[in-house]
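J.: Here is a sequence with its predicted model. Questions after.
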Amino acid sequence: MKRSIIIAIITACATGAFAQSTTTTTTTKTVVTTNDKGDTVQVRTDTVKTKKKGFRFSFGKGEDAASVSVNRRDTIRTEDKPSKAPGFSWGLTLSRLDLGLATLVDNGSFNLSPQNNFLRYRSWKSSNVGFDFIQVGYRFNSAFRIYVSGGLDWTHFRLREDITIQKEQPGDLGLVYTTDNIDYSKNRFTSSYFRIPLTFDWRSHVNSEGKRFHIAGGPMLGVLYNGRVKQISDENGKQKANDNYHFTKWRYGMTARLGYGAWGVYGKYYFNDMFDTPVQNGLRNFSFGIMLGF
């Protein structure tokens, strides 16, 4: 069901965003023929028109939306459509597609404390994925705008230990898990949130290629909608279990983004605890990676 909702959101954002485009390039060549005396004998002007057809995908609606154009010669160009006039903009979008690494911070340390050591994870296989699909903003001028957006955010931790995190029960003081006599080829612990960031976006002037630098950031709120344990083993095949798993219902933090054109890097840090259990006090989430679409 959740997968169907996500597919529907992406389809709605993409509807009307694809458009076939034709680029016409006109080249004029003038040839002047003279005789021995330097007199002009003949002037010939040739005009050649070259048409290139392609497609354009827009990452949002309005004058501030970034887009990617692809023509038949496989040239990819990222464009910004700036405007100096102040004004509001809103609508569906498909922006800030995040793909990065997820990290646990235990009371200010990247090393897990003894009570949280069962959450040891594979760093290069623990990921953060997210995107925004709705946005409301105000542009003060061509260099600065603010916007509130809404999207989805997933954090996946690939656990090293052969354990199973148990579903939450009333009265739990900490995460409960069982140690299994099974060799899991995948043991993934996932939190899924609706994300609501407030972003301040400072932008440079557009260059000759239609691109600009971005420095963006601001506070971000998250609302939990699901937790999941996914395990794969020879003994039991593929198994999935959904529950809140004591993930905090509301999370808040900061996000920062830096980029050029549509591409950039990002970082997210949450100020409150990742879980609502006393034993996991001080265990927080930090992620960083690359992004597409400002």
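T.: Happy to help now that I have it.

J.: Can you give me the pLDDT of Pro86?
T.: Model confidence at Pro86, expressed as pLDDT, equals 88.

J.: cool, and the one 3 residues further on?
T.: Here, the pLDDT recorded for Ser89 equals 91.

J.: same thing with Leu292?
T.: Here, the pLDDT recorded for Leu292 equals 97.

J.: Provide a list of residues in contact with Ile215.
T.: By Cβ atoms under 8 Å, 6 or more residues apart in numbering, the contact set of Ile215 is 201-202, 257-258. All C-beta spots, glycine's among them, are computed from the backbone N, C-alpha and C.

J.: Spatially, what comes nearest to Arg257 if we skip its sequence neighbours?
T.: Closest residue to Arg257 apart from its sequence neighbours, by Cβ to Cβ, 6 or more residues apart in numbering: Ala216 at 4.3 Å.

J.: pretty sure the one you found contacts Val265?
T.: No - in terms of Cβ atoms under 8 Å, Ala216 does not count as a neighbour of Val265; the distance is 11.1 Å.

J.: hey, which helix or strand in this protein has the poorest pLDDT?
T.: strand 76-80 (a mean of 49; mean pLDDT, DSSP states H and E).

J.: Report the beta-bridge partners for the residue nearest to Ser185 when sequence neighbours are not counted.
T.: The spatial neighbour of Ser185 that comes closest, neighbours along the chain excluded (Cβ to Cβ, 6+ apart), is Ile232 at 5.0 Å. Taking DSSP bridges, one obtains Lys186, Lys238 as the residues bridged to Ile232.

J.: Please identify which helix or strand holds the residue nearest to Arg257.
T.: strand 213-233 (DSSP states H and E).

J.: Just the buried residues of that strand, please?
T.: Counting neighbours by 16 or more other Cβ atoms under 10 Å, one finds that the buried residues in strand 213-233 are 214, 216-218, 220-222, 224, 227-231, 233.

J.: Same question for stretch 153-165.
T.: Under 16+ other Cβ under 10 Å, the buried positions of stretch 153-165 are 153-160, 163-165.

J.: now do the same end-to-end measure for it.
T.: Criterion Cα to Cα, to the nearest Å; first-to-last residue distance in stretch 153-165 is 21 Å.

J.: Give me the residues contacting that stretch.
T.: Applying Cβ under 8 Å, 6+ apart, the external contacts of stretch 153-165 come out as 98, 102, 104, 118-122, 125-130, 175-184, 186-195, 222, 229, 231, 245, 285, 287.

J.: Any of those buried? List them.
T.: For the contacts of stretch 153-165, burial is judged from neighbour counts taken by 16+ other Cβ under 10 Å, and it is met by 98, 102, 104, 118-119, 121, 126-130, 175, 177, 180, 184, 187-193, 195, 222, 229, 231, 245, 285, 287.

J.: so Val279, which of the three states?
T.: Under the three-state scheme (DSSP: H, G, I helix; E, B strand; the rest coil), the conformation of Val279 reads as helix.

J.: what residues are up against the residue nearest to Ser185?
T.: For Ile232, the contacting residues are 184-187, 238-239, by Cβ under 8 Å, 6+ apart.

J.: quick one: it from Tyr121, how far?
T.: 16 Å (Cβ to Cβ, to the nearest Å).
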